[in-house]
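>>> Build me a model from this:
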Amino acid sequence: MSDFRNRPNGNYIFDANWKELYVLTKHWKSDLLFYKDDLKFLDHLIDKYFIWISKKEDSDAVRSIEKSIVKTDKICANLLKRTEKHLTHLAGLMEDPFKYDSHQFRTEHQQLEDDITNFVKTFRDNRKEVFEVTSLVVESDDFIRQFVVE
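Presented below is the predicted three-dimensional model:
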């Protein structure tokens, strides 16, 4: 499952019409907005459980994950801007097919897709790391003792 693309295989980008590429790009935008919200949730989750971490090496690992989430959030914001700009260009091409160089535009479309694919891989790695760390904290003896009534 190393290919996270949302389009059919082959030369789809170079064979699809502008409307099809527009629909695909709208889908990317929707996904990116979801990832942006999920990154906020992951950051909140880290903040919530960070106080329960007692080992220095665990707190260092969490800080590293938090930095990675901040970096990933910036990448997401950049991709959202690029996707919006791309949608504007696609709308222009739908109105006037000669507005931009078709081949160059499709190459840029493919690059945007590749960048989104790489982002999704990074996002999933971050998500996995956050859940691993919070699971360790929740399962730790110190955390459990806080809620045991004697």
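
>>> Looks like E84 contacts K29 (just checking).
Yes - using CB atoms under 8 Å as the test, E84 is close enough to K29 to be in contact (7.1 Å). Glycine gets a C-beta too; all of them are placed from N, C-alpha and C.

>>> who's more crowded, the two?
In this view E84 and K29 are compared by other CB atoms under 10 Å, and K29 has more residues nearby, 16 against 13.

>>> What is the burial count for L24?
Applying other CB under 10 Å, we find 19 residues neighbouring L24.

>>> no wait, E129
For E129, the neighbour count with other CB under 10 Å is 18.

>>> Check P97 too.
If you count neighbours by other CB under 10 Å, P97 ends up with 11.

>>> which ones are touching L42?
By CB atoms under 8 Å, 6 or more residues apart in numbering, L42 lies in contact with 69, 126-127, 130.

>>> separation between it and K26?
Taken as CB to CB, to the nearest Å, the spacing of L42 relative to K26 amounts to 25 Å.

>>> Now the helix ranked longest in the chain: buried residues?
Counting residues, the longest helix found in the chain (DSSP state H) is helix 56-95. When neighbours are counted by 16 or more other CB atoms under 10 Å, the buried residues of helix 56-95 are found to be 58, 61-62, 65-66, 68-69, 72-73, 75-76, 79-80, 82-83, 86-87, 89-90, 93.
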